[in-house]
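*Asks:* Here is the input, now give the coordinates:
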Amino acid sequence: MNNGQFEVATFAGGCFWCMVHPFDELPGIENVVSGYTGGHVENPTYQQVTTGMTGHTEAVQITYDPEKMPYKDLVEIYWRQTDPTDASGQFADRGSSYRPVIFYHNEEQKKIAEASKEALQNSGRFDRPIVTSIEPAQPFYPAEDYHQDYYRKNPLHYKMYNRGSGRAGFIEQNWGKE
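*Replies:* Here you go, the predicted structure:
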């Protein structure tokens, strides 16, 4: 039992705008923040990260209640938002700042993520290897305010981007309609 303690999960799966909505309104989710992690510059800006020179990856950091939403379930939701066979970016977003990564915060998260990745590889769902990285969490820097909750603030643009990037079609083709 966690005595009401929240935990943190960090996932990168391409554009962070598209990674907030799938988690945001689930039971046990306290907060989902878009941001940057894994780089060597403190407090990077979006403009810096998009150059590819800071080493950061766009990611979401999820604060959750593991009693209501176990980490294992978060990882399963994560897979359904990404192309886990593409290490060079996600959909229309290319480059290292858009690579798919599960950033673990403790050994339990690492074990769960590795087992889930192996199960997905063994499932035969994809013809290519599952290449999503599983890496230790690093400092996370929240993105600028205009990136937070983008799907709510700009619903039309978000829907057009989600579809136009190829993400929505890939998810429908490989996971079905949710």
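*Asks:* which residues sit against the longest helix seen in the chain?
*Replies:* Ranked by number of residues, the top helix in the chain under DSSP state H is helix 107-123. Outside helix 107-123, the residues that touch it by CB atoms under 8 Å, 6 or more residues apart in numbering are 9, 71-72, 75-76, 79, 84, 102, 104, 126, 129-130, 132, 134, 136. Bear in mind the C-beta positions are built from the backbone N, C-alpha and C, glycine included.
*Asks:* hang on, residue 64 packs against residue 74?
*Replies:* Yes: counting by CB atoms under 8 Å, residue 64 does reach residue 74; the two are 6.7 Å apart.
*Asks:* Kindly point out which residues are neighbours of both of those two.
*Replies:* Joint contacts of residue 64 and residue 74 (CB under 8 Å, 6+ apart) are residue 9.
*Asks:* And the helices in this protein?
*Replies:* Using DSSP H, helices in the chain cover 17-24, 46-50, 71-79, 107-123, 150-153, 155-164, 167-175.
*Asks:* mean confidence score for the longest one?
*Replies:* With pLDDT averaged residue by residue, helix 107-123 scores 98.
*Asks:* what's the angle from that helix to helix 71-79?
*Replies:* 50 degrees (axes from the mean of the first three to the mean of the last three CA atoms, to 10 degrees).
*Asks:* quick one: buried residues of helix 107-123?
*Replies:* 109-110, 112-113, 116-117, 120-121 (16 or more other CB atoms under 10 Å).
*Asks:* And the third one, by the same measure?
*Replies:* Of the residues in helix 71-79, those buried under the neighbour-count criterion (16+ other CB under 10 Å) are 71, 73-75, 78-79.
*Asks:* Turn the residues you listed into CSV, including pLDDT.
*Replies:* Shown next, in CSV, are these (pLDDT from 0 to 100):
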residue, pLDDT
71, 98
73, 98
74, 98
75, 98
78, 98
79, 98
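*Asks:* Of these, which is the nearest to residue 50?
*Replies:* Residue 50 lies nearest to residue 78 out of the buried residues of helix 71-79, by CB to CB, at 22.8 Å.
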